[in-house]
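J.: Structure for the following, please:
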Amino acid sequence: MNVTGVAIAGEQVKVTNQAVLPAGAPTVQAVRYFATGVANQPGLVLKGTDGLDYVLFIDNAGGNANIANQRLT
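T.: Purely as a prediction, here's the structure:
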């Protein structure tokens, strides 16, 4: 981590263990895309295949948690 608080990683993130699924049936959820977003949106910033940066975050504004992403400008 550098002095600005931004973690800098390589091009890949490796996971060594498989996630454990909770008991019960899953609920169908959508992945929400916001073409324009809020400045400084907290979340995981990834570079897209188009070369632009995107932030992944959890949107629970409607009462259900959904994975969401937005393009950073």
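J.: Closest to the centroid, which residue in this structure?
T.: residue 56 (1.9 Å; C-alpha atoms, centre = their mean).
J.: and that residue, how far is that from residue 26?
T.: Counting by C-beta to C-beta, to the nearest Å, the separation of residue 56 from residue 26 is 19 Å. No exception for glycine: its C-beta is placed from N, CA and C like everyone else's.
J.: With residue 65 instead?
T.: Counting by C-beta to C-beta - residue 65 and residue 26 are separated by 12 Å.
J.: out of the two, which sits in the more crowded spot?
T.: Set residue 65 next to residue 26 and count neighbours by other C-beta atoms under 10 Å: residue 65 wins out with 12 against 7.
J.: Nearest spatial neighbour of the more buried one, chain-adjacent residues omitted?
T.: residue 58 (5.4 Å; C-beta to C-beta, 6 or more residues apart in numbering).
J.: Return the set of buried residues in the one helix or strand the one you found maps to.
T.: Applying DSSP states H and E as the criterion places residue 58 in strand 53-59. Of the residues in strand 53-59, 54-55, 57, 59 count as buried by neighbour count, 16 or more other C-beta atoms under 10 Å.
J.: Can you lay out the residues you listed as JSON lines showing distance to residue 41 and pLDDT?
T.: Formatted as JSON lines, those follow (distance: C-beta to C-beta, whole Å; pLDDT from 0 to 100):
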{"residue": "54", "distance to residue 41": "10", "pLDDT": "89"}
{"residue": "55", "distance to residue 41": "5", "pLDDT": "90"}
{"residue": "57", "distance to residue 41": "6", "pLDDT": "91"}
{"residue": "59", "distance to residue 41": "10", "pLDDT": "88"}
